[in-house]
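Novice: Structure for this input, please:
(one chain, ligands or ions: 1)
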Amino acid sequence: MKKKVKSKKKKYKLSYQKIVVFLLIIIFVLIIYNIISNLNKENESIQTASLIDNEALKDIETSSYANISRYIVYGTHLNLEGDIEFNENTSIENAGIVVKNVSGEEIAIDTDNTYDDNLLSFSTLKEINTGLDLESLEVTDYYILLKVEFENNEIKYYSLSNDTEYGDIDYYTLTRNNSNNKIDISFSRMGNIPVLSLNITTVDELPEDVYDVVIDPGHGGADGGASSGDYIESDIVLDCAYELKVQLEEIGLKVLVTREEDEIAEEFKGEDIYGENGRVTMANESHAKILVSLHLNSNESDFVSGGVEVYAAPNSDLTLAKMFADNIVEIANTDYSQNESYKEEEGVYVRTIEVGQYNSSRFIFDSIAYLFIIREIGGIATGAYANGNNSVYSENIYRDSNVGVEGYLIELGYINVDEDLRNILRNRELYMKAITDSINDFYGLDYNN
Ligand SMILES: [Zn+2]
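Specialist: Now for the predicted structure:
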């Protein structure tokens, strides 16, 4: 009997609990439903409001948009390539990429177009280091659009849809007056419209793994580079790199050096430039905007004069390269090299070398691997392609990156030309001051002592 009562009580208690739980679940579901539907309403109203209030998107075409097939940040610039199809017999007068802020003010980007079979193809990529200057933008929101002027003087704006394999990019501007902006470059949708937007905010400091500049002292470890008597290129450029780091930090920049003491370098950094701690990997992981690789030249017999040579990437604007060369000649009181091979301007050189290209009996790669750094840190902008198929070299895992570091390789002078060697050993600070001044002026860092 006792037992029976107990079990009855238990039964009653159980169903009471069930009712309470059931009610609680219903209340919970109702609360969640309410929250979600309110959120949706808010989103809808925000989106509708932004389309109406947002001057940048006010006049945008809603019936069609352009497809972006290439989307690249190289150094401090963003570039785009894509196309859009029009109805038959549409006549186009002009077209170009524009960047509009939310007040409707627009910046036009130099764009090359072709129009064929009603397909308009456009590209801002003629030079990889020009295009939209990410350093010049104000702290606000921007939208990137295609502006088309038709033959009947009608002007239309088209939004851009991402047709690439790449996602959003977080870009950090160079450090100016202890301050950086973060630019969130993202493709998203606003209602039915695909949009490419730039959301810019100020950050207190750069994330730990983000640098402004990378300095690459050439060679290292078992690879000493060029030499003359007891003087070894890898040692001299390492001293130069330390000096340059100090000077660049004095103008407020955050600097990474790809190698330090030679004893450490010997293990991995001399040969395996694509290894975990290799110079190419370090530069690619640095999120830096610019890399300066320091070297000394040497020549066998052809000419006895020395001088500076600055190497830059193909298809690039050479203004900064020219500044490096001019400032070094002026400030360090040296000369432009008389070397005419691959010369673009006085002191400025552009040279590409294929992976696996042979020079008589051996890979050119073995002897002048340094020039590859410009290509292999630029991702798809510079055509990085060390894919590990060459048994001597491992794979550059960043070769398909759509974010690249803008690289310059500077041959400060000729180690086997006495005048050059003496000048570099005595006036290292002046050579590095020339590089520091160039970066300060070119990027408008406006650092004043
Ligand atoms: Zn070298």
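Novice: Quick check: R176 touching K254?
Specialist: No - counting by C-beta atoms under 8 Å, R176 does not reach K254; the two are 11.8 Å apart. Glycine gets a C-beta too; all of them are placed from N, C-alpha and C.
Novice: where exactly do the helices run in the stretch 101-250 of the chain?
Specialist: 233-250 (DSSP state H, counting those that start in this stretch).
Novice: For it, which residues are neighbours of the ion?
Specialist: Contacts of the stretch 101-250 of the chain with the ion, taken as C-beta under 5 Å from the ion, map to G218, G225.
Novice: Now whichever residue of the chain sits closest to the ion: closest residue in space that isn't a chain neighbour?
Specialist: In the chain, the residue that lies nearest the ion is H295 (3.4 Å; C-beta to the ion). With C-beta to C-beta, 6 or more residues apart in numbering as the criterion, H295 has its nearest non-adjacent residue at 4.1 Å, and that residue is G218.
Novice: contacting residues for the one you found?
Specialist: Applying C-beta atoms under 8 Å, 6 or more residues apart in numbering, we find G218 in contact with G225, E233, S234, V237, S293, L294, H295, L296, Y370, L409.
Novice: 6 Å instead, please
Specialist: Contact analysis of G218 by C-beta atoms under 6 Å, 6 or more residues apart in numbering lists G225, V237, S293, L294, H295, Y370.
Novice: export the residues you listed to JSON lines and tack on distance to V102, neighbour count and pLDDT?
Specialist: Output for the contacts of G218, formatted as JSON lines (distance: C-beta to C-beta, whole Å; neighbours: other C-beta atoms under 10 Å; pLDDT from 0 to 100):
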{"residue": "G225", "distance to V102": "52", "neighbour count": "21", "pLDDT": "86"}
{"residue": "V237", "distance to V102": "47", "neighbour count": "30", "pLDDT": "96"}
{"residue": "S293", "distance to V102": "41", "neighbour count": "25", "pLDDT": "96"}
{"residue": "L294", "distance to V102": "44", "neighbour count": "27", "pLDDT": "97"}
{"residue": "H295", "distance to V102": "47", "neighbour count": "27", "pLDDT": "96"}
{"residue": "Y370", "distance to V102": "46", "neighbour count": "20", "pLDDT": "52"}
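Novice: and the two most separated of those residues?
Specialist: G225 and S293 (11.4 Å; C-beta to C-beta).
Novice: per-residue confidence at the residue nearest to H295?
Specialist: pLDDT recorded at G218 is 90.
Novice: Pop out the phi and psi values for it.
Specialist: phi -60, psi 150 (degrees, to the nearest 10).
Novice: Doesn't Q17 belong to a helix?
Specialist: Yes - counting by DSSP: H, G, I helix; E, B strand; the rest coil, Q17 is found in a helix.
Novice: how many neighbours does it have?
Specialist: Applying other C-beta atoms under 10 Å, we find 10 residues neighbouring Q17.
Novice: Make 5 the starting number, not 1.
Specialist: Understood, numbering begins at 5; the last thing we discussed is Q21.
Novice: Quickly note the distance from L252 to S442.
Specialist: 11 Å (C-beta to C-beta, to the nearest Å).
Novice: Enumerate the residue intervals of the stretch 305-453 of the chain where per-residue confidence is below the cut-off.
Specialist: Applying pLDDT under 70 to the stretch 305-453 of the chain flags residues 305-308, 357-374, 394-397, 451-453.
Novice: Quick one: the helices in it, in order.
Specialist: Counting by DSSP H, counting those that start in this stretch, the helices of the stretch 305-453 of the chain are 323-335, 368-371, 376-380, 422-430, 432-446.
Novice: Could you give me the buried positions within the first one?
Specialist: This points to helix 323-335. L324, A325, K326, M327, F328, A329, D330, N331, I332, V333, I335 (16 or more other C-beta atoms under 10 Å).
Novice: Which of those residues sits closest to I30?
Specialist: L324 (66.9 Å).
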